[in-house]
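Enquirer: sequence-free structure coming up:
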Ligand SMILES: C=CC1=C(C)c2cc3[nH]c(cc4nc(cc5[nH]c(cc1n2)c(C)c5CCC(=O)O)C(CCC(=O)O)=C4C)c(C)c3C=C
Ligand SMILES: [Fe+2]
Ligand SMILES: [Fe+2]
């Protein structure tokens, strides 16, 4: 067989084209209409998204996006582009590296067409989510499969599922943490993006482990190996171990709850309130569900939770910046791409 280049496709979640209310609404509409994200019946989802969430959340989210928007645009977009460029430099001429976003632009269909035009039919899809969730990685895989299913030559696609304890990525998070004097902080938080509890339970093939066994996420086993929460715990434990943070000095929590349904616990806001009540003054917060700074880290943790903690008597919530362009993270991406 002729040797052609190998394709590497990095895919992140997506971000609005601009921080205007109209563009944010368009983005939220596409995102929240995905049945893997709002996993209700189609009619229920339609009324919830179009009738309730979009009219109320679009202007509010747009105001927040305006605060985090930089001269380079959305941080999530900027760092995804840089990650693609830096990875391409590492991989050299044997590879064609592209990036796409699951929602909005650049869309996956257009980018897959670039591979087809370049006659590249050996493609590795790397969703930029260290922990698997049907709402993120699952949705990316679903979309790629739907798009290539009608191609004459169905490409040889390798789907990366997750990499919650990738040793080089863990090392990258640890190097970022080491920029701070850990001894100067009263407590360390590992705050992950949240997920509705029912979506966790759907990832348990036994139906009798997740949320039913005490400390169901404390160890990875056959029933929780694809559980977003169990994988998040694994990531946090691995970073804490690498940084020698004792168990009593760190907590794992989940942020960004949307709607009234129960989401994975404990909620970051409640953990922060408890720590303030216990008299803790300085918190260091890692956000290891994200490989780039974005609205959910820069604003929600770095601004909103900092203000909330101060209001409750604390002094500082210090956000550890995202992996972004860190060379050790690019090492990890290179390893994932090559192996
Ligand atoms: C890192 C993994 C992510 C999971 C899991 C996830 C699940 C999830 N998210 C929502 C709703 C929203 N998320 C929003 C922003 C957002 N989410 C992620 C990642 C995960 N989401 C990222 C990287 C971002 C930031 C994008 C950016 O442009 O910076 C938003 C939009 C912002 C806002 O209005 O708060 C919503 C809404 C649900 C419902 C969900 C699981 C079901
Ligand atoms: Fe999200
Ligand atoms: Fe669990």
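Expert: It's in. Model, not experiment: these values are computed from the prediction. Ligands and ions are numbered 1, 2, ... in the order given.
Enquirer: how many neighbours does residue 207 have?
Expert: 10 (other Cβ atoms under 10 Å). (Each C-beta comes from the backbone N, C-alpha and C, glycine too.)
Enquirer: distance of the residue lying closest to it once chain neighbours are set aside from residue 161?
Expert: Closest residue in space to residue 207, ignoring its immediate chain neighbours: residue 201 at 7.7 Å, by Cβ to Cβ, 6 or more residues apart in numbering. For residue 201, the distance to residue 161 (Cβ to Cβ, to the nearest Å) stands at 19 Å.
Enquirer: same check on residue 269?
Expert: According to Cβ to Cβ, residue 269 stands 30 Å off from residue 161.
Enquirer: same check, this time on residue 97
Expert: Separation of residue 97 from residue 161 (Cβ to Cβ): 20 Å.
Enquirer: give me the more crowded residue out of the two.
Expert: Each of residue 97 and residue 161 has its neighbours counted (other Cβ under 10 Å); residue 97 has more, 23 against 13.
Enquirer: residues from the stretch 151-300 of the chain in reach of ligand 3?
Expert: The stretch 151-300 of the chain comes close to ligand 3 at residues 210, 216, 217, 227, 229, 230, as judged by Cβ under 5 Å from the ion.
Enquirer: now rank those by neighbours and give me the top one.
Expert: residue 227 (29 neighbours).
Enquirer: for that residue, which residues are in contact?
Expert: Neighbouring residues of residue 227 by Cβ atoms under 8 Å, 6 or more residues apart in numbering: 200, 203, 204, 210, 216, 217.
Enquirer: repeat that for residue 166.
Expert: If you count contacts by Cβ under 8 Å, 6+ apart, residue 166 has them with 130, 332, 335, 336.
Enquirer: please repeat the previous calculation with a cut-off of 10 Å.
Expert: 130, 172, 235, 238, 329, 332, 333, 335, 336 (Cβ atoms under 10 Å, 6 or more residues apart in numbering).
Enquirer: which of these lies closest to ligand 1?
Expert: Using Cβ to the nearest ligand atom, residue 130 comes nearest to ligand 1 of those, at 8.2 Å.
Enquirer: doesn't that closest one belong to a helix?
Expert: No. In this structure, residue 130 is coil, not part of a helix, as judged by DSSP: H, G, I helix; E, B strand; the rest coil.
Enquirer: ok, now which ones touch it?
Expert: 137, 162-166, 169-170, 173, 192, 231-232, 234-235, 288-291, 323, 332.
Enquirer: same thing with residue 25?
Expert: By Cβ under 10 Å, 6+ apart, the neighbours of residue 25 are 16, 54, 55, 57, 58, 59, 61, 62.
Enquirer: repeat that for residue 37.
Expert: 13, 30-31, 45, 49, 102-103, 133-136, 138-139, 195-196, 199, 258.
Enquirer: near ligand 1, which residues of the stretch 1-150 of the chain?
Expert: Those residues of the stretch 1-150 of the chain that sit near ligand 1, judged by Cβ under 6 Å from any ligand atom, are 13, 15, 28, 37, 57, 61, 74, 76, 129, 133, 135, 136.
Enquirer: start to end distance for stretch 47-61?
Expert: 19 Å (Cα to Cα, to the nearest Å).
Enquirer: the helix or strand hosting residue 60 - contacts with which helices or strands?
Expert: Using DSSP states H and E, residue 60 maps to helix 54-68. Packing contacts for helix 54-68, counted by 3 or more Cβ pairs under 10 Å, 6 or more residues apart in numbering; DSSP states H and E, involve helix 21-32.
Enquirer: helix or strand right after the helix it packs on?
Expert: Per DSSP H and E, the helix or strand that comes after helix 21-32 is helix 42-46.
Enquirer: thank you, goodbye.
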